[in-house]
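Asks: got a predicted structure plus its sequence, pasted below:
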Amino acid sequence: MPFCTQCGRNVHDQDAFCAHCGARQGAPAGPPPPPITPEPLANFSPRTAAILCYVPVIGWIAAVIVLAARRFKTDRMVRFHAFQGLYLFAAWLVVDWVIAPISRSMQSHYFPIDHVLRALILVVSIFMMVKASHGEPYVLPIIGELAQKSANEQ
């Protein structure tokens with residue numbers, strides 16, 4: 001039970017004034033405000049998020065985070081870059097898991113097509129990082145069209 005701020009006598013929690021001296025009592029304390037939780041990607045600009053989606057080999061992690069973040073839920077450009085980065089990584093996996101074993105199983109005098117394809121994907125990733133840093137939506141053949149459809153489905 002609280003006490004009066006003026007005379008020190010007992011008052012009830014809901015009393016606005018002391019029954020003995022008439023002094024105004026403090027407002028009853030309400031429930032504490034909920035804690036403010038900061039947005040995890042609040043400091044990331046859309047340009048930075050788009051660039052990170054094209055980092056070779058690990059850009060898929062940034063792309064998944066961008067696609068799951070509330071901050072970029074309505075930003076179609078960043079979502080397009082995230083989907084295109086994911087599809088570019090999927091192309092890397094196809095080369096690494098399908099084409100490379102086939103290339104290794106052939107005779108050594110054949111042209112190592114898997115090395116050329118990996119280099120091509122690396123160059124395309126760097127090219128897309130530059131395009132994303134300039135804010136230009138460059139649509140790659142096949143995977144870019146898929147990325148546009150995926151970004152527009154939201």
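Replies: Everything's here; your move.

Asks: which residue is nearest the middle of the protein?
Replies: Val66 (2.4 Å; Cα atoms, centre = their mean).

Asks: ok, that residue to Phe127 distance?
Replies: Distance of Val66 to Phe127, computed by Cβ to Cβ, to the nearest Å: 19 Å. Where you see a C-beta, it was placed from the backbone N, CA and C, and this is true even at glycine.

Asks: so which elements touch the one helix or strand Ala151 maps to?
Replies: Using DSSP states H and E, Ala151 sits in helix 143-152. Contact analysis of helix 143-152 by 3 or more Cβ pairs under 8 Å, 6 or more residues apart in numbering; DSSP states H and E lists helix 76-94 as its packing neighbours.

Asks: which ones are touching Phe83?
Replies: When contacts are counted by Cβ atoms under 8 Å, 6 or more residues apart in numbering, Phe83 touches 63, 67, 146-147, 150-151.

Asks: looking at the residues you listed, state which has the most neighbours.
Replies: Among the contacts of Phe83, Ala63 has the most neighbours (other Cβ atoms under 10 Å), with 27 neighbours.

Asks: that one and Leu140, how far apart?
Replies: Separation of Ala63 from Leu140 (Cβ to Cβ) stands at 14 Å.
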